[in-house]
Structures are given as C-alpha cells and as structure tokens.
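Visitor: show me how the following folds:
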Amino acid sequence: MTKTKRPEVVVITGASGGLGRAIVHRFARDGAHIGLIARGEDGLAGAQHDVEHLGGQALALPTDVADAKAVEAAAAKTEQTFGPIDIWINDAMVTVFAPFTEITAEEFKRATEVTYLGQVYGVMSALKRMIPRDRGTIVNVGSALAYRGIPLQSAYCGAKHAIQGFTESVRTELLHNKSKVWISMVQMPAMNTPQFGWGMSKMPNKAQPVPPIYQPEVAADAVYYAAHHRRRQIYVGMSTVVVIQLNKLFPWFGDLYLARTGFQSQQTHQPRPADQPANLWHPADGKGGGDWGAHGNFDATAHTRSVETWLAERSPWIMVAGGAAMAGGAALAGLAARRRDG
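Guide: Take a look at the predicted model:
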C-alpha cells in the first residue's frame, strides 16, 4: 500500500482578486488547501467557490494585512483547519495613482502599510511556523518597479523597493542559519487586473497598465514555479528583464524617458468616472461590492504567455544576459536619437 500524499497547505494574501485570484486558481487545480486572505467579502466568497470547483479546499479569512495581529490570527486559523503551512504567498497591495505632491500623508502611509508592511507581517507569521520545522517556502510578489520608480506611483514603487531589500535581508539570515526555509521574489510586468479600475486615482483619465500587458495567469504560473523551485527570483516577461537591466546600466535614460512619457502612457483617453471605487481604505469587493475576479478591462491586448519567463525558469542567466544586451541597445539608440534631435 502507498501512503497518500498530503495536500499542500498554502496561504495567499490578496486572494480575492487580480493576480492573487489567479494564483489561487493555479494552486487549486492541484488540490491545495488554501487560506484565502483579503478584505473583500464578495471576492473571498468567489475565490472560495473557485477553489472548491477546481478541486481544492479553501478557508476564507477576511483580513487587513496592515494589521499584524490579524495576519497572525489568519495563519493560526489556517493551521488549525488544514495543518502546517507549506507555502506562503504575499500578494496584497493597494496604491494611490497620483503625483506625489497630491498624495496626503495618511494616504501614503496606508499604501505603504498594506503593500510593504503587509508582506513583512506575512513573512513574520510564516517564519514563526516554518523555521522550527525547518521547511517551507515564502514567495513575495514584486515588480519591475521594485528596481525602477515611475511617475504617478511613488507609494507603490517605494513599497516594492522596500520589499526587495527586505526580502534580500531575510534570505541572507536564513542562509546564515543554514535553514531549509526558502524565500523567493517574483518580479512582475504590467498585468491585466482590476487594479486599474478599483485603485485610488486622482488623475483626470482612467488608469491603464503600460504595454506590454500580460494576463495574470502568466504571472500566477511563475509564482507557482517559484513556490516549488529554489530560485532567488524570477522575472515575468521580457519587459521586466529590460526595465531592470536598463536601469542598472543607464538609470538616467529611464529618468528622462519616463519624465517625457510616463504621465500619458499610464492613462487612457477616457475620463475617469467620478464614482470610480477606491480600495485604499475599504475594499471595492466588500459586502455588496461585487466579485471583480482576476481580470481587468484589457483582455483584448494582454499576452497569454511569456516565452521569456519559460526560458528564465530553465536558464535564468540566458534572460539576464539577453535583457542586459537589449537594454544597452535601447539606451544607446535613445542617446543617438537625442543627439540627432539636438
């Protein structure tokens, strides 16, 4: 007789919508038992239904990740229900889409507490359980903007930069202690998620991701891969590779380019509705707010695959070298064009 394998126990923050919802779907297809952490009741109910329909089991845990005690309580409830947590994925985020000079101190603090400290608190609760067992994996969801700040997203960029440094620090401590617990970070491109329809915005027109845009399932596959392979970090999409490598080589080029194009490229030509929801303080998918699901409004232009990520999972140095070469070429081409214009 063979022993039945125990289903993986996974905690996912930001599980009610967007990328978090797509990550939920990916793990549910393998029959995982999932603790769903988010604020929105409608989105959590939808995510729980999805998990059960796909063959897994789910526990809805209405939680504000900016509250460390609430995150700890959710972790404890997950283990009481399903057993030891194997994988913890930090994805929850909020943002303020506006010039920095138009963001209040309270708004900036709130975005930082959710997007940055929410991941810190998740790692704390995960390590509290994983280190004594000497096993487990944590995946922090990052962004190309963890390396390259852009206009109109100072709170989000600042939080993602902080997550990058925090993750590296924790990783070195785990390595120092020869722990078998692993922490990884997945750097994301622009994605077709509800973020652009429910995030707080002070801009005149509707927000949009800067192309190329990827479907959240592409990124969810990368998170799943990172959760099962000891990779330091994974880049999703060639755009992420190019942005990160270009910024390492020619940061001044990024400054000038984004100053010229960053405001326009992040907005459509359609006016922002006066009644657009803002999920900074309260969830847009709260009780009665509806289930927003995983996708935003850009299905027609979003990529459904990333050859670059597929290659990176198998030969990460190929992508780094290729991205550096492309970034250098782009910077030199831009420099030559400016000299001609001058």
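
Visitor: contacts and neighbour counts: CA atoms only from here.
Guide: Fine.

Visitor: wait, Phe196 sits on Gly296?
Guide: Yes - between Phe196 and Gly296 there is a contact under CA atoms under 8 Å: 7.3 Å.

Visitor: how much space between Thr95 and Lys160?
Guide: As defined by CA to CA, to the nearest Å, Thr95 lies at a distance of 11 Å from Lys160.

Visitor: ugh, wrong one, Ser265
Guide: Applying CA to CA, the value for Ser265 to Lys160 is 20 Å.

Visitor: ok, these two, which is more surrounded?
Guide: More crowded of Ser265 and Lys160, by other CA atoms under 10 Å: Lys160, with 27 against 14.

Visitor: what's near enough to touch the spatially closest residue to the more buried one that is not a sequence neighbour?
Guide: With CA to CA, 6 or more residues apart in numbering as the criterion, Lys160 has its nearest non-adjacent residue at 4.5 Å, and that residue is Ala146. Residues near Ala146 by CA atoms under 8 Å, 6 or more residues apart in numbering: Cys157, Gly158, Ala159, Lys160, His161, Ala162, Ile163, Gln164, Gln187.

Visitor: among those residues, which are in strands?
Guide: The strands, defined by DSSP state E, take in Gln187 from the contacts of Ala146.

Visitor: go through the contacts of Ala146 and name the one nearest His25.
Guide: If you rank the contacts of Ala146 by distance to His25 using CA to CA, Gln187 comes first, at 19.5 Å.

Visitor: one step back: distance of the residue nearest to Lys160 relative to Ile183?
Guide: Taking CA to CA, one finds Ala146 at 16 Å from Ile183.

Visitor: returning to that earlier point: common neighbours of Thr95 and Lys160, please.
Guide: Residues touching both Thr95 and Lys160 (CA under 8 Å, 6+ apart): Thr115.

Visitor: for Met238, give me the pLDDT.
Guide: Note on Met238: pLDDT of 89.

Visitor: for Gly288, that is, sorry about that
Guide: At Gly288, the pLDDT value in this model is 85.

Visitor: from Gly43, how far out is it?
Guide: Distance, Gly288 to Gly43, by CA to CA: 10 Å.

Visitor: tell me which of those two has more neighbours.
Guide: Shown here are Gly288 and Gly43; by other CA under 10 Å, Gly43 has more neighbours (29 against 10).

Visitor: so which residues of the stretch 201-342 of the chain form helices?
Guide: Shown for the stretch 201-342 of the chain, the helices assigned by DSSP state H, counting those that start in this stretch span residues 216-228, 238-249, 251-265, 307-314, 316-341.

Visitor: lowest average pLDDT across these?
Guide: For the helices of the stretch 201-342 of the chain, mean pLDDT drops lowest on helix 316-341, to a mean of 52.

Visitor: residue nearest the centroid of this protein?
Guide: For the chain, Val141 is the residue whose C-alpha lies nearest the centre (CA atoms, centre = their mean; 3.8 Å).

Visitor: beta partners of that residue?
Guide: Assessed by DSSP bridges, Val141 has beta-bridge partners Val186.

Visitor: residues contacting it?
Guide: Ile89, Asn90, Asp91, Met185, Val186, Gln187, Met188, Val223.

Visitor: can I get those in a markdown table with distance to Leu311 and neighbour count?
Guide: Listed next are the contacts of Val141 as a markdown table, based on distance: CA to CA, whole Å; neighbours: other CA atoms under 10 Å:
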| residue | distance to Leu311 | neighbour count |
| --- | --- | --- |
| Ile89 | 23 | 29 |
| Asn90 | 24 | 27 |
| Asp91 | 24 | 24 |
| Met185 | 17 | 25 |
| Val186 | 15 | 25 |
| Gln187 | 15 | 26 |
| Met188 | 15 | 26 |
| Val223 | 15 | 27 |
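
Visitor: about what we covered before: may I see the PyMOL selection of the buried members of the contacts of Ala146?
Guide: Filtering these down to the buried ones (16 or more other CA atoms under 10 Å) takes a single PyMOL command:
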select buried, resi 157+158+159+160+161+162+163+164+187
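
Visitor: of all the contacts of Ala146, which two lie farthest apart?
Guide: Pairwise distances across the contacts of Ala146 peak at 14.6 Å for Gly158 and Gln187 (criterion: CA to CA).
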